[in-house]
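Peer 1: The following block contains a protein sequence and its predicted model.
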Amino acid sequence: MGQKVHPYGFRLGTLYGWQSNWFAERNYGPALHEDLRIREFIKKKLYHAGISRVVIERTGEKLVVNIHTARPGILIGKRGAEVESLRKELSGYSDKEIFINIKEIRKAELDAQLVAENVALQLERRVAFRRAMKKAVISTMKFGAGGIRIQCAGRLGGAEMGRREWYREGRVPLHTLRAHVDYGFAQAKTTYGVIGVKCWVFKGDVTDREMRTGALAERFSDDQPR
């Protein structure tokens, strides 16, 4: 039986950094749940803004929320009004001073989370699942990805029995630690039930020099394939 490992967790500490950057000896539990609630709130409220990930940093009495989004204009609003209202809403989740940084994802087609969410949205709109998956594969490869694999599981097409279907193009080396593989998961809540969408996007290999020097933060903050 195949044992699957999360592509992000597999490379954690070697290629990728943590999604929460802080250290706590005493109040670890409350801080962790605070982070989870903040992420859940942002994702639910601003789902339409194409949010890929939320990275949280804590230093002393500061709490910095870095939101990676494909549509920064929606998040910022007119003269930063939306950001300010979001900051006020988030202040209810933590007693620390909250700062919000918005980081733009230049190529949403190369972000696995956004690709998965796009396919899930199409499935909710009753688009044929094969068509939605093939379209996503073609557009991602067109933008210069090394490879993509996309998988849907559930009552596809309203069938009585759930099944799993997937498409792959190019290389997706899941066992290679130096491979920059982006992973995303989304759920389509259809009238038949929930359909899960998984997506893997291969963006190229990391060089030995980058591995040694640890100069990876800049590389992964930028969504360009190398």
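Peer 2: Yes, it's here. In this text, all values refer to a predicted model and were calculated from it rather than measured experimentally.

Peer 1: show me where the chain has strands.
Peer 2: With DSSP state E, the ranges of strands along the chain come out as 20-21, 51-59, 62-69, 97-104, 147-154, 163-170, 179-189, 194-205.

Peer 1: Leaving out chain neighbours, which residue sits closest to Asp205?
Peer 2: Excluding the flanking residues, the one nearest Asp205 by Cβ to Cβ, 6 or more residues apart in numbering is Arg178, at 5.3 Å. For the C-beta atoms, the positions are set from N, CA and C on the backbone; glycine is no exception.

Peer 1: What is the burial count for the one you found?
Peer 2: Neighbour count for Arg178, taken as other Cβ atoms under 10 Å: 15.

Peer 1: residues of the longest helix belonging to the chain that come out buried?
Peer 2: In the chain, with assignment by DSSP state H, the single longest helix is helix 28-45. For helix 28-45, the neighbour count (16 or more other Cβ atoms under 10 Å) marks Ala31, Glu34, Asp35, Ile38, Arg39, Phe41, Ile42 as buried.

Peer 1: give the contact list for the second one.
Peer 2: To tie it back to what came earlier, the one meant is Glu34. Tyr93, Ser94 (Cβ atoms under 8 Å, 6 or more residues apart in numbering).

Peer 1: where's it relative to Ile98, distance?
Peer 2: 11 Å (Cβ to Cβ, to the nearest Å).

Peer 1: And the residue with the largest distance to the centre of the chain, its phi and psi?
Peer 2: No residue in the chain sits farther from the centre than Glu160, which is 30.8 Å out by Cα atoms, centre = their mean. Phi and psi for Glu160, reported as degrees, to the nearest 10, are phi -70, psi -40.

Peer 1: got a markdown table for the buried residues of helix 28-45, with distance to Met141 too?
Peer 2: Putting these into a markdown table (distance: Cβ to Cβ, whole Å) gives the following:
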| residue | distance to Met141 |
| --- | --- |
| Ala31 | 41 |
| Glu34 | 39 |
| Asp35 | 35 |
| Ile38 | 35 |
| Arg39 | 30 |
| Phe41 | 34 |
| Ile42 | 30 |
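
Peer 1: Look up how far Gly29 lies from the residue nearest to Phe10 when sequence neighbours are not counted.
Peer 2: Nearest residue to Phe10, sequence neighbours excluded (Cβ to Cβ, 6+ apart): Leu177, at 7.4 Å. Separation of Leu177 from Gly29 (Cβ to Cβ) stands at 31 Å.

Peer 1: in the chain, which segments are predicted with low confidence?
Peer 2: For the chain, applying pLDDT under 70 flags the ranges 1-2, 211-226.

Peer 1: 80 - rerun?
Peer 2: For the chain, the stretches with pLDDT under 80 are 1-3, 80, 208-226.

Peer 1: Alright, I will stop here.
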